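> coordinates for the following, if possible.
(2 chains)
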Protein chains: 2
Amino acid sequence: MPVLLPDELVQPQGGRIVYVVMDGLGGLPRSDTGLTELEAAKTPNLDRLAATSALGLHIPVDHGIAPGSGPGHLALFGYDPVRYNIGRGVLSALGVGFALVPGDIAVRLNFATLDGQGRVVDRRAGRPSDSENRRLVEKLRARVAAPPSVSVHFEPEKEHRAVLVLRGTALAADVTDTDPQATGVAPLRTTARSKAAEPTAAALQQVLDSAFDALTDEPKANAILARGIDAYQEYPGFRERYRLNALAIARYPMYSGVARLVGMRTLPPAESDAASVRLLAQHYADHDFHFIHFKAMDSRGEDGDYDAKVAAIEAVDGLIAELESLQPEVLIVTGDHSTPSQLRAHSWHPVPVLIASRWCRGSKGATFGERSCGAGELGVFPAMRIMSLALAHAGRLAKFGA
Amino acid sequence: MPVLLPDELVQPQGGRIVYVVMDGLGGLPRSDTGLTELEAAKTPNLDRLAATSALGLHIPVDHGIAPGSGPGHLALFGYDPVRYNIGRGVLSALGVGFALVPGDIAVRLNFATLDGQGRVVDRRAGRPSDSENRRLVEKLRARVAAPPSVSVHFEPEKEHRAVLVLRGTALAADVTDTDPQATGVAPLRTTARSKAAEPTAAALQQVLDSAFDALTDEPKANAILARGIDAYQEYPGFRERYRLNALAIARYPMYSGVARLVGMRTLPPAESDAASVRLLAQHYADHDFHFIHFKAMDSRGEDGDYDAKVAAIEAVDGLIAELESLQPEVLIVTGDHSTPSQLRAHSWHPVPVLIASRWCRGSKGATFGERSCGAGELGVFPAMRIMSLALAHAGRLAKFGA
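The predicted model follows:
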C-alpha cells in the first residue's frame, strides 16, 4: 500500500474523534416536494451543528460507483477501497468474531432449500431463526469431513447466513461462487479461475458436497450456497497508521467486521441505537477514536420507504446531542454511501459530510442536507480523505515540509 | 516526474501573467463576528476584481494537510509537492543566491550559545545582527578545515541563520540533524541513516567540530546547529515546462529560493511591499510571468493577531490597483496556505483564489473571501492546477486532442 501522506505526519497526541456513520444516508428528492429524505427530516441537532461545521459531499469510491458496505466503510476509514477490495466472506468471518489468520479463505454461506430435483426453491431456507441457524451449524461441524491438509470451520451468523473458513497452506481465493443468485436452478459447482486455485476449488467442493450430505434430511435447510469467497490479508491498522486507539460500536456483525479489519476494538452489539450511544459513552475515556454505526437509513432506503427513512434519520438526530455532550474535539457525521428510497438500492450519489470542531469556517444558514453540504467548504471530495481531515481537526497532524 | 497535461499543450506565445501570493492568506471566523480576517478586511480592489473573476478555493497539498512554505509554493507553481518535497537547507541556499549544482548537500545553520558544560542555552545566539552574522560567517570561512575530497561553503542568511553547502562526489543527504530543538541539552552528533550516507555524516561532523573550534572564543555565537539537510536536485524549470520567462519578486530569501528552484529570475529584495510592486513594474516588459510575494499575512497570523492580519491584507489590497494598471492578461491573487490567527500556525484550510482575466464568468455580488470563493466557478481544487488555469487564461494552452 502506498503510504498516504497523513500517515507520515501523524502525532502521538491530540483530541478525541467521534465518527458517526448513518448507513445509506444520501438520497434523492421526492418529485412533489423536491426534498431528499435528509432534507425533509427534522434534524434540529444536525442543522445546528451544520452552521458552524465544515460541510461537503464525499464520493465513496469514484464518480458513478455505488459501493457495497465494505468498500464504503474502508474508504471512510482512509483505505483505498479499490486496492483493498475485500470479499464479503472475510467481513462476515471477522464480524462474527472468528480469529482469521493471513491466508485463510472465508466464504459466506446461505442455508437454502432445494426441491426433489436439486433445484433451489428458496435461497434463504425460509429465514431460519438464529437458534435454528446455530443448530444447523452444529450439525455441519459434527458431520462435515475436512479435506486433506485443510481445516474447516463453520460459524453461525444470523438467520439464513453462516460463515465457512478453510485454513491450509497455499489456498487461493480465486474460485467461483456456488450461489446461482436465482431459484429454479441447481447450485453451481465451484471452479478455479487460476491454476493455483485448483486445489482450493477441489477442497471447497468437497466440503460443500459433504455439507449437502449432512443436511439431506433437513426439511428446509437442506443445502448451502457459497459466495463472497476471499482470502484474509492483514491490513495496516488504525494504531499503526494513525496512532489511534479506536473503538467501534456497531449492532450488525458486518460493520464490526470491517472495524476489526482495520484494528479497531469492538464490543458485543447493543440492543438499540440509544444503547449503542450509551455504550460509546461508557468507553469514551479509554479511546481516541470512536466509530458508531447506525443502520436504519439504509434498510428503509432499500425497502423503498421514503417516510420510514426520514423517520430513521430523525431518530439518529435525536441521539446526536448525547454524543456532543461527550465534547469530542472532532465530531464527524456522514454515511458510507447513498441509498435513495426511490432506487431501493445503494447508489453512487455523493454523501453529505459534516465535520464539527473549533477549527471550521462554517456557514450561516447552512443545514445538514445534500444541497447545503454541496455548497460547503470541503467541496466534493473522496471519502478516503475524511480521515486526514479528522486527524487535522483533532490536532494530530504535523506540518508537511519546511 | 509524470508530465502534467498542460506541459504538452503549452504554446510559445500568449499573454502576461501576474501571480500575487499573499502568504498565509486563509483564515477562520472570529467567534463574535463570524468573519475571517480576509472577510473582515476592507479590500475594495480585490472585491471589485472578484465580481468579474473566476473564484475558488485551492487545497495546497491534500485534504487535511498543513503545508510548509516550500511545498505550498511548489504546488502554486504546478509542481507535485509530495514528489518534490525539498529540504529547507536547499531552499535557504538558493534563497541567498548560492549557485547549487546537483548533488550538493545544503544545510540550514543556526548560530547558538552553549554554556560551560556544552549545553544549548540559546538556539539563536541572542539573534545577532545581519552584519554580526556576516562577521561570524567570515570567521568560519577562514578557519574551518575542509574534509578530504569535499569543498565547504558557508553563506550568511539573516540574524542567527546561515547556510552550509558540502560539495563532493557521492555525498548523500540522509543524515540526521544536530539541532536538538531544545535548550539545556548538548547539540546532537549527526549520524547516517543509510550505509551510503556514512561518509557524508563523517564529513559533516568534521566540519561542525571544526566550526565549534573556530567559534570557541565567541561570547554568544559559540556553536552552530544543523538542520534541514537535503541534496539539491534540478527541477524542470518554468522555461522548459511552461515556456515562460519568469520573474520573482520576494523580500524573504526563502521565497526567492523556491522561485530559483523552478528557474525564475530573482532580484535583490526591495525595501517594502510597495517597492516590490515598483520593482515588478520596472521589469514588467521583460518577462511573461511575474510572481510577487507578500509575507505579512502569515507573520501576523502566526503571531495570533487577528487585527494585524486584517491590516496586512488591507495593505496588500492597496497595492493591487498598481498591479492592475500594468494590464496583465491574467492576474491571480491567492495564498500558499491558510494561517488562521486563532491557530497561530499554518493550517490545512482551503485557500481563496482569484483569477482575473477577460475570460472569466464572474459572479455579481461576489467578494474576495473564503465563503464567497467557495461558491465560485473553480470549486475546491488542488493548488497544483492553478498554473494550468493561469496558462489557459493567458491563451498559452493549445486544445487537447483532435
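
> and A:Ala308, helix, strand or coil?
Three-state call for A:Ala308 (DSSP: H, G, I helix; E, B strand; the rest coil): helix.

> isn't it up against A:Arg300?
Yes - applying C-beta atoms under 8 Å, one finds A:Ala308 in contact with A:Arg300, separated by 4.0 Å. Placement of C-beta: from N, CA and C, glycine included.

> which of the two has more residues huddled nearby?
Taking other C-beta atoms under 10 Å in any protein chain shown, A:Ala308 and A:Arg300 do not tie; A:Arg300 has more neighbours (22 against 17).

> surely that one forms part of a helix?
Yes - looking at A:Arg300 with three-state DSSP, it is inside a helix.

> wait, doesn't it sit right on A:Ser341?
Yes - using C-beta under 8 Å, A:Arg300 is in contact with A:Ser341, at 6.9 Å.

> shared neighbours, these two?
Residues touching both A:Arg300 and A:Ser341 by C-beta atoms under 8 Å, 6 or more residues apart in numbering or on different chains: A:Lys309.

> what's the local residue count around the one residue in the stretch 101-250 of chain A that gets nearest to chain B?
Using C-beta to the nearest C-beta, the closest approach of the stretch 101-250 of chain A to chain B is made by A:Tyr242 at 11.6 Å. By the measure other C-beta under 10 Å, the count of residues near A:Tyr242 is 30.

> how much space between it and A:Asp288?
9 Å (C-beta to C-beta, to the nearest Å).

> who touches both of those two?
Going by C-beta under 8 Å, 6+ apart, no residue sits against A:Tyr242 while also sitting against A:Asp288.

> helix or strand: which one has the closest residue to A:Ser276 other than its chain neighbours?
Spatial nearest neighbour of A:Ser276, chain neighbours left out: A:Ala270 (4.4 Å); criterion: C-beta to C-beta, 6 or more residues apart in numbering or on different chains. Using DSSP states H and E, A:Ala270 sits within no helix or strand.

> now A:Ala270: how far from chain B?
Distance, A:Ala270 to chain B, using C-beta to the nearest C-beta, to the nearest Å: 31 Å.

> before we move on, what about A:Ser347?
22 Å.

> count the residues that sit near the closest residue to that residue other than its chain neighbours.
Distances taken as C-beta to C-beta, 6+ apart put A:Ser338 closest to A:Ser347, at 4.6 Å, once the chain neighbours are dropped. A total of 31 residues lie near A:Ser338 under the criterion other C-beta under 10 Å.

> can you check the one 3 residues further on too?
Counted with other C-beta under 10 Å, the neighbours of A:Ser341 add up to 24.

> what's the closest non-adjacent residue to the residue of the stretch 101-250 of chain A closest to chain B?
A:Tyr242 sits nearest to A:Val10 (C-beta to C-beta, 6+ apart), 5.5 Å away.

> what does A:Thr52 give?
Taking C-beta to C-beta, 6+ apart as the measure, A:Thr52 lies nearest to A:Gly362, with 4.0 Å between them; neighbours along the chain are not counted.

> and the one residue in the stretch 201-350 of chain A that gets nearest to chain B, how many neighbours?
Relative to chain B, the nearest point of the stretch 201-350 of chain A is A:Val330 (11.0 Å; C-beta to the nearest C-beta). Look at A:Val330: counted by other C-beta under 10 Å, it has 25 neighbours.

> can you name the residues bridging to it?
A:Ile17 (DSSP bridges).

> contacting residues around it?
Applying C-beta under 8 Å, 6+ apart to A:Val330 gives the contacts A:15-18, A:355-357, A:390, A:393-394.

> can you pull the buried residues of the lowest-mean-pLDDT helix or strand in chain A?
Least confident helix or strand of chain A, by mean pLDDT, DSSP states H and E, is helix A:5-9 with a mean of 87. Neighbour counts over helix A:5-9 (16 or more other C-beta atoms under 10 Å in any protein chain shown) mark A:5-7, A:9 as buried.

> in a markdown table, list those along with distance to chain B.
What follows is the buried residues of helix A:5-9, written out as a markdown table (distance: C-beta to the nearest C-beta, whole Å):
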| residue | distance to chain B |
| --- | --- |
| A:Leu5 | 5 |
| A:Pro6 | 6 |
| A:Asp7 | 11 |
| A:Leu9 | 7 |
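
> ok, these vs A:Val152, which is closest?
Minimum separation from A:Val152 among these (C-beta to C-beta) is found for A:Asp7, which lies at 37.5 Å.

> re the thing from before, so what touches the least confident helix or strand of chain A?
Residues outside helix A:5-9 that contact it (C-beta under 8 Å, 6+ apart): A:78, A:241-242, A:387-388, A:391-392, A:397-400, B:61-62, B:64-65, B:82.

> any chance you could map the strands in chain A?
In chain A, the segments counted as strands under DSSP state E are A:17-22, A:54-59, A:105-114, A:120-122, A:150-156, A:161-168, A:223-231, A:246-249, A:265-266, A:289-294, A:330-334, A:351-356, A:379-382.

> would you turn the ones you listed into CSV with mean pLDDT?
Compiled in CSV, the strands of chain A are given as follows (pLDDT from 0 to 100):
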stretch, mean pLDDT
strand A:17-22, 98
strand A:54-59, 97
strand A:105-114, 96
strand A:120-122, 95
strand A:150-156, 96
strand A:161-168, 96
strand A:223-231, 95
strand A:246-249, 98
strand A:265-266, 96
strand A:289-294, 98
strand A:330-334, 98
strand A:351-356, 98
strand A:379-382, 95
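
> could you dump those into TSV with distance to B:Gly103 added?
Below are the strands of chain A laid out as TSV (distance: least, C-beta to C-beta, whole Å):
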stretch	distance to B:Gly103
strand A:17-22	44
strand A:54-59	43
strand A:105-114	51
strand A:120-122	70
strand A:150-156	56
strand A:161-168	53
strand A:223-231	46
strand A:246-249	44
strand A:265-266	49
strand A:289-294	44
strand A:330-334	44
strand A:351-356	44
strand A:379-382	38
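
> so which of the ones you listed comes closest to A:Thr178?
Closest to A:Thr178 of the strands of chain A is strand A:223-231 (C-beta to C-beta; 4.5 Å).

> the closest one pairs with which strands?
Strand A:223-231 has the following strand partners under DSSP bridges: strand A:105-114 (antiparallel).

> OK, contacts around the residue nearest to A:Leu247 when sequence neighbours are not counted?
Distances taken as C-beta to C-beta, 6+ apart put A:His287 closest to A:Leu247, at 4.1 Å, once the chain neighbours are dropped. When contacts are counted by C-beta under 8 Å, 6+ apart, A:His287 touches A:16, A:245-247, A:265.

> go through stretch A:162-182 and flag the buried ones.
Residues of stretch A:162-182 classed as buried: A:162-168, A:171-180 (neighbour count, 16+ other C-beta under 10 Å).

> those residues also near chain B: which ones?
Among these, no residue is within reach of chain B (C-beta under 8 Å from any C-beta of the partner chain).

> flag every residue of chain A that's near chain B.
For chain A, the contact set with chain B under C-beta under 8 Å from any C-beta comprises A:5-6, A:9, A:56, A:358-364, A:375-381, A:385-393, A:397, A:399-402.

> pull out the buried members of those.
For those, a burial check counting by 16+ other C-beta under 10 Å picks out A:5-6, A:9, A:56, A:359-363, A:376-379, A:381, A:385-393, A:397, A:399-402.
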